[in-house]
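In: Quick one: sequence and predicted model below, then my questions.
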Amino acid sequence: MRYLLILFVVCFFFSCKKEDVYTNVEVVFEQPSNFPETHYDLSTNPITEKGFELGKKLFYDGSLAADGVVSCAFCHQQQFAFTHHGHRFSHGVEDREGKRNAQPIQNMAYQKQFSWDGAAFHLDLFPIIPITNPVEMDETVSNVIQKLNENQEYKKLFGLAFDDGQINVENTFKAMSQFMIMMVSANSKYDKYIRGEESVSFTLEEERGLELFKNKCSSCHTSDLFTDDAFRNNGLPIDPNINDLGRMTVTLIETDKYKFKVPSLRNVEVTGPYMHDGRFGSLKSVLDFYSTGVRETENLDPLLKNTDGTLGIPLNEQEKEDIIAFLKTLTDNEFLTDERFAE
């Protein structure tokens, strides 16, 4: 009888261990109270522990590129809100240089379109752009899927993450989306101040900056996402060496010429250089531009045309300092150091 009991306990132990290993628990997406509703339909791709882990591995895996080295994380580094800090243009395979600045990866579930020109209209499609871009990862989707299918570890991981266990295009990009969806930045000083958490208060300079921001910047950088997700021409002088047409590259519509996606200002303190072509190295230089540097380029946004015939956003030096002080309250150090997203 004693031996039967021992045998039962042993079998029960290994049965539980196997179940624990292969259980794919759904992860709760925590919606910040001061954020709008997500644009991504989470019901079409429920986030699970194994799906998230698979997406993270893919994000950091250089084998998705033609050279086997350049991963998504190569140009999107966590401590800089997943940007390529210090690089005006992103660098890809064989150190090839693009013509646009790498955008941050944060709060992706709330966005409608992706890339500076909106080339991807769904998050599940977004990774296709860098993977197939000849100056970024220079690979084909079919080659990526083939390489994953030849990898025994990935066969196991896909089997754990998805019911059908298939290594295919849909599951690959859904896993990557699960990882990016969880990359929510919503715990900056500003967030805690707005939500009345932890008795956080603003300095007088930060309070002045917030009011100035509301009056002078929030028409484009709306809601607590700090972007209206629209495409606008902000009057940057055209760089003749690049002549990036922006949104028109995708739509082929003349009125979209020189329009680029309005970036979120979250973590903007650490995401320099700034603008789609990374031409400005500091927040001060950005505000100097909006104050005196806006040009009457084709399709200039009407919001930058003043009733007195001037262009831009009038700002004195003190106002610039106050706005920068406020912008620094948008830095979310918890997000920048969150181990869930670290390699």
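Out: Arrived safely, thanks for sending.
In: CA atoms for contacts and neighbours, from now on please.
Out: Noted.
In: In three-state terms, how would the most centrally placed residue in the chain be classified?
Out: In the chain, the C-alpha nearest the mean C-alpha coordinate belongs to residue 105, at 1.7 Å (CA atoms, centre = their mean). What DSSP: H, G, I helix; E, B strand; the rest coil gives for residue 105 is coil.
In: how about it, what does it touch?
Out: Listed by CA atoms under 8 Å, 6 or more residues apart in numbering, the contact set of residue 105 reads 76, 81-83, 180, 183.
In: show me where this protein has strands.
Out: Ranges of strands within the chain are 231-232, 260-261, based on DSSP state E.
In: Using TSV, please lay out the ones you listed together with distance to residue 35, mean neighbour count and mean pLDDT.
Out: Formatted as TSV, the strands of the chain follow (distance: least, CA to CA, whole Å; neighbours: other CA atoms under 10 Å; pLDDT from 0 to 100):
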stretch	distance to residue 35	mean neighbour count	mean pLDDT
strand 231-232	21	21	98
strand 260-261	20	23	98
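In: so can I have a markdown table of these showing distance to residue 329?
Out: Shown next, in a markdown table, are these (distance: least, CA to CA, whole Å):
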| stretch | distance to residue 329 |
| --- | --- |
| strand 231-232 | 25 |
| strand 260-261 | 23 |
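In: about what we covered before: sort out for me which of the contacts of residue 105 are in helices.
Out: Judged by DSSP state H, helices contain the following of those: residue 180.
In: Identify, from the contacts of residue 105, the entry nearest to residue 162.
Out: Lowest distance from residue 162 to these (CA to CA) belongs to residue 180, with 17.3 Å.
In: What's the separation between that closest one and residue 327?
Out: 24 Å (CA to CA, to the nearest Å).
In: Residue 126 is in contact with residue 120, correct?
Out: Yes: at 5.3 Å, residue 120 counts as touching residue 126 under the criterion of CA atoms under 8 Å.
In: which residues do the two both contact?
Out: Listed as contacting both residue 120 and residue 126 by CA under 8 Å, 6+ apart are residue 114.
In: follow-up on the earlier one: how about TSV for the contacts of residue 105, with pLDDT and distance to residue 244 added?
Out: Below are the contacts of residue 105 laid out as TSV (pLDDT from 0 to 100; distance: CA to CA, whole Å):
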residue	pLDDT	distance to residue 244
76	95	22
81	97	25
82	95	23
83	95	20
180	98	27
183	98	29
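In: With distance to residue 211 as extra columns, can I get the contacts of residue 105 in CSV?
Out: Shown next, in CSV, are those (distance: CA to CA, whole Å):
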residue, distance to residue 211
76, 32
81, 25
82, 29
83, 28
180, 32
183, 28
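In: Now the residue nearest to the centre of the chain: phi and psi?
Out: Backbone torsions of residue 105, given as degrees, to the nearest 10, read phi -110, psi 100.
In: just residue 298 next, same as before
Out: With angles defined as degrees, to the nearest 10, residue 298 sits at phi -60, psi 130.
In: Surely it and residue 259 touch.
Out: No: Residue 298 lies out of contact with residue 259 (CA under 8 Å); the separation is 9.4 Å.
In: circling back: now, among the contacts of residue 105, which is nearest to residue 200?
Out: Residue 200 lies nearest to residue 81 out of those, by CA to CA, at 22.7 Å.
In: Pull the contacting residues for the residue lying closest to the closest one once chain neighbours are set aside.
Out: Leaving out its chain neighbours, the residue that sits closest to residue 81 by CA to CA, 6 or more residues apart in numbering is residue 104, at 5.5 Å. By CA under 8 Å, 6+ apart, the residues touching residue 104 are 76, 80-83, 271.
In: Let's see that with 6 Å instead.
Out: Counting by CA atoms under 6 Å, 6 or more residues apart in numbering, residue 104 makes contact with 81-83.
In: Looking at those, which is nearest residue 172?
Out: residue 82 (20.3 Å).
In: Could you pull up the residues touching the closest one?
Out: Here residue 82 is in contact with 76, 104-105 (CA under 6 Å, 6+ apart).
In: want to try JSON lines for these, with distance to residue 289 as columns?
Out: Conversion of the contacts of residue 82 to JSON lines gives the following (distance: CA to CA, whole Å):
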{"residue": "76", "distance to residue 289": "26"}
{"residue": "104", "distance to residue 289": "22"}
{"residue": "105", "distance to residue 289": "25"}
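In: Which one of those is nearest to residue 91?
Out: Among the contacts of residue 82, and counting by CA to CA, the member closest to residue 91 is residue 76, at 10.9 Å.
In: got the phi/psi numbers for the closest one?
Out: Backbone torsions of residue 76, given as degrees, to the nearest 10, read phi -130, psi 90.
In: got it, and residue 119?
Out: Recorded main-chain torsions at residue 119 are phi -60, psi -30, according to degrees, to the nearest 10.
In: Kindly provide the distance from the closest residue to it other than its chain neighbours to residue 236.
Out: Leaving out its chain neighbours, the residue that sits closest to residue 119 by CA to CA, 6+ apart is residue 250, at 6.0 Å. As for residue 250, its distance to residue 236 is 20 Å (criterion: CA to CA).
In: So for the two, which sits in the more crowded spot?
Out: Using other CA atoms under 10 Å, the more surrounded residue of residue 250 and residue 236 is residue 236, with 17 against 13.
In: Contact partners for the more buried one?
Out: Contacts of residue 236 (CA under 6 Å, 6+ apart): none.
In: where along the stretch 1-150 of the chain do the helices fall?
Out: Along the stretch 1-150 of the chain, counting by DSSP state H, counting those that start in this stretch, helices occupy 2-22, 49-59, 72-75, 128-132, 141-149.
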